[in-house]
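Chemist: No letters, just coordinates:
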């Protein structure tokens, strides 16, 4: 009865007591009932508002960590997709912040502050991340730029922590309020019970104990939850009302506990993903990558068995496994769509298979095996390309969290797998190339041995010719053996050709990779081109106008103003030297700088240095000395220009940074061997140049910095000394190219400095590979290559049949480096060049070929050069070949070199070499001035042309097709080429282009055709042909006139450049240019002003245009201009396009056009001439040269 009454509701208990206590206890029952109703409502409000706010505060903190992580990942990976993912997550956080004031209006102000701080942080971080991805910051600017973003993130974190703290404090205050109300109700019950103690003392005590016990449990549980103890046991209640209260507390505890578990799971998965990426990082092999993937995932997902299938064509092949037991019937090679693995590969989606059958592949150990519970199949996809499929098995099963984790990890594993596969493919390709090269070399050696054996057999056959009748049977047998050997040789040849084809494929693959590597060099070249233009354009105006002011033709300037103009002009030329230094640095870095080694007397070098710098030293009142060690030889072998450039840099710096004391140059012998990039220089084989000053010195931490491009000891904007920091950089690189090294030493600030240059005394030892004795090109691949000299044939019994190579030069020089330089220059002048390094090599070459000219060095290793010269002049077959003698010998007797065209004493400069090749060009042109190559397949036309030209004493050499024409050009030089477009074996347009390229444009081509040409064909032919003559009844006469015109020009040694050929400027009457109208086209107003001023002083009338379009409009409206000066780089329409448009108008077909450009690149002249220019000038424009060229072309027009 007691227990039954105890388990009744509080309401019933109060009713019983009320019945006992009458009216007094009725009020107590009502009071207690109201209290419990209020308490329940308060807890429900806590559940619906406060608990949700606590959860949202926790989600906001976790979300901030995720947003920040994604921003950092986007910056590290330079991935804009990751940035977009971060912004999407930030948008979700912003929506959550918008809900705060809806849940609790009292939080509207605080929620607004949070939202503003969060948006400020997200926007700042987005801008910084985008700038980092776009690579807008240097490394030293990134830390400065990120500081505001970090501050805004910290401000938002502080507000968020404060908000979370306020929510928790509000929650605890609510719970304290509930506890306080409970205590008040208890006290009231005690007061009212005391009044009725006489009547209901026993009942009241019993009721109080029951209610007090329940409330105490509620208070204790609420306190534990508010203190963070989410594992507290709430227990059971005896009454219905208390049970509801306990149920609400239970729900609140479980939700808070679930939120904490979710946060821990996300953190653990992120850490596992980081560990997996670390395991796959580095230069791993394919097997190492696969093993790392399986091992890492097995531990993270509690997977006991796993395998990875790689995609190989249309199949999936198992390449790695983890704890996998191979059983009979296992399928390690699957087709696409076959089994779960194949289907996952086709659909490229993750599969999870549960409730596996008992006969599925078991998970085995040493003691037994059992069927797995679940299988997880994951495709590995990189850039929508399937790389493979991973399969994992487990006893425990894969949760949705596991599936989500493996889906995120699959992308990183695919990236690592793709990188490993790429490395494997590259290594295999290189290995295949190496094996093919080795196989080809072995087969070539076998072929060489076979050839030698065949030659021995041929010798036996020749010796047996005297007894041919007696040994006829033996000869037949030997012939049969020889035929068998020939068949074997043919088979071997076929095999070699196949190997050559395979090697050619590999070579093309390697060339493609090399072409991709060369792309970066093109960007650099384009930058230097643009930089040169942007600097030379304003510099052009400075030099032209300052020169005009210096000349002071109107005598309206005083001496000071003229001096100012001289300073401006000098400064402009210094700036031009700086531009050249930058281009020099580019050439050095690209390996395109040529070194010309010559004998240089040291005394002459010292004299030049004194003459250059003594005056400057005296102006600063400091000493300047140049000392030479007496033990050194009188001269050394070195590139004098580059050595002087290095020493000028050293001495200029020393004088610039020295204010008192002296600067000393010491030329001596090093005290010990010197280490260089190419090896070690021994002291007795090298020379030391030291520049010692007593100037400001160099701090120890700046000694290496000064040799970096554009770096200086003081690089601040307030620095005291000027300069770009290029001089020492170029000096060091030049020293390395010449086989030497540059060193610097300084004891510190204001202690002076010492720059040392170490070079070999004789340049060339180990500096470059020697050129082959007789160089020959590879077999011909096209008509253009057929012009290259053929390989030397076996020695002939007679020299009568030696081919005539009129366009070839034989260079006889024992120095491989210098002969290589001469060969390169000869090819630049359009000649074919061959090198011989001894008398024996030269005679061997001359026995088989007839070059057009010979360059002979007298100092040859096997015999004196004078003896070779005498043999050449004594041989009737070679006596007419011009020989140019060069030598470093002293006191050469004229009688010893009798018969030579000229004698050039070493050392000599580039200008002298240019003059030499110009002389050779004149010699060969004179030989060809009465010979014409006619390419015509019509026999009647051939005979008619021969008769017509014979009347003018012109020799016609006939070729019926393109191949014969190439053969003729290979053997001799012609004054002109007449080409018919209709040939049996060649396209006339392509053949014209080939002939022009093969002759370097030096031989005029005249098109003689009956075909009607449209404008496009006519323009295409005029790129390569000087004249186009259509076949008519009277065309022979015009063809004869045009051809003899070029032949007479050839005899006069004056070449045309484009269209109308200019006259010599010396023959132009300067009075004829008065009143001539010139159109000057340039987008730079400074150039328009300066060039107009110069030309107007000479009497020209000048009209200007700012763009190519404007120039064309002016020519259309007023076509009577005598000459056009056209800038190449302009907006809207550039100069090249404008010139093409002008040439398309028949009215301006003969209008002289001179192109102006500041790009100064190698192929600019060819591009301008092709576009229609008659001549070309580079900026800054030399005014005297400009006026001379203008007058020259006006004289022709």
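Modeler: Looks like it came in fine. A quick note: this is a predicted structure, and the numbers were derived from the prediction, not measured.

Chemist: Quick check, pLDDT for residue 753.
Modeler: Looking at residue 753, its pLDDT stands at 90.

Chemist: let me fix that: residue 623
Modeler: 92.

Chemist: That one against residue 663, yeah?
Modeler: Yes. In this structure, residue 623 is within contact of residue 663 by Cβ atoms under 8 Å, at 7.1 Å. The C-beta positions use only the backbone N, C-alpha and C, and glycine is treated the same way.

Chemist: would you list every one of the helices in the stretch 551-700 of the chain?
Modeler: Here the stretch 551-700 of the chain has its helices, by DSSP state H, counting those that start in this stretch, at 559-590, 602-619, 640-656.

Chemist: Check the model's average confidence along the last one for me.
Modeler: I take that to be helix 640-656. Average pLDDT, helix 640-656: 87.

Chemist: Quick check: buried residues in it?
Modeler: Across helix 640-656, burial judged by 16 or more other Cβ atoms under 10 Å covers 640, 642-656.

Chemist: Widest-spaced pair of these?
Modeler: The span of those, defined through Cβ to Cβ, is set by 640 and 656 at 23.9 Å.

Chemist: what does stretch 1024-1039 contact?
Modeler: 944-945, 948, 978-979, 992-993, 995-996, 1001, 1004-1010, 1013, 1018, 1021-1022, 1042, 1046, 1056 (Cβ atoms under 8 Å, 6 or more residues apart in numbering).

Chemist: Among those, name the ones in strands.
Modeler: Mapping those onto strands (DSSP state E) picks out 978-979, 1005-1009.

Chemist: Which of those residues sits closest to residue 634?
Modeler: Taking those together and measuring to residue 634 by Cβ to Cβ, the closest member is residue 1005, at 53.1 Å.

Chemist: Give the full set of residues in contact with that closest one.
Modeler: Residues in contact with residue 1005 (Cβ under 8 Å, 6+ apart) are 976-977, 979, 992, 995-996, 1024-1026.

Chemist: same thing but at 7 Å, please
Modeler: For residue 1005, the contact set (Cβ atoms under 7 Å, 6 or more residues apart in numbering) comprises 977, 979, 992, 995-996, 1024-1026.

Chemist: Against residue 995, how distant is it?
Modeler: Separation of residue 1005 from residue 995 (Cβ to Cβ, to the nearest Å) stands at 6 Å.

Chemist: Return the distance of residue 646 relative to residue 815.
Modeler: Taken as Cβ to Cβ, the span from residue 646 to residue 815 is 23 Å.

Chemist: What's the end-to-end length of stretch 931-949?
Modeler: Stretch 931-949 has an end-to-end distance of 10 Å (Cα to Cα, to the nearest Å).

Chemist: Revised request: answer the last question for stretch 972-984.
Modeler: Using Cα to Cα, one end of stretch 972-984 lies 24 Å from the other.

Chemist: same question, stretch 822-833
Modeler: 9 Å.

Chemist: Identify each buried residue in it, please.
Modeler: Quick answer for stretch 822-833 (16+ other Cβ under 10 Å): 822-823, 825-826, 829-833.

Chemist: Restricted to strands, list the residues you listed.
Modeler: 832-833.

Chemist: Between which two of the buried residues of stretch 822-833 is the distance greatest?
Modeler: The farthest-apart pair in the buried residues of stretch 822-833, when distances are taken by Cβ to Cβ, is 822 and 830, at 14.5 Å.

Chemist: unless I'm mixing things up, residue 901 is touching residue 881, no?
Modeler: No. Counting by Cβ atoms under 7 Å, residue 901 sits too far from residue 881 to count as a contact (9.9 Å).

Chemist: Where does the record place the domain boundaries for the protein?
Modeler: Domain assignment for the chain by automatic domain parsing gives 2-256, 279-427, 594-760, 785-789+800-927, 931-1051, 1065-1196.

Chemist: Switch those over to CSV; also include distance to residue 580.
Modeler: Formatted as CSV, those follow (distance: least, Cβ to Cβ, whole Å):
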stretch, distance to residue 580
domain 2-256, 28
domain 279-427, 41
domain 594-760, 10
domain 785-789+800-927, 16
domain 931-1051, 27
domain 1065-1196, 9
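
Chemist: Of all these, which one comes closest to residue 476?
Modeler: Residue 476 sits nearest to domain 785-789+800-927 of all those, at 31.9 Å, using Cβ to Cβ.

Chemist: For the closest one, what does the pLDDT average out to?
Modeler: Mean predicted lDDT for domain 785-789+800-927 stands at 77.

Chemist: before we move on, what about stretch 69-83?
Modeler: Throughout stretch 69-83, pLDDT has a mean value of 82.
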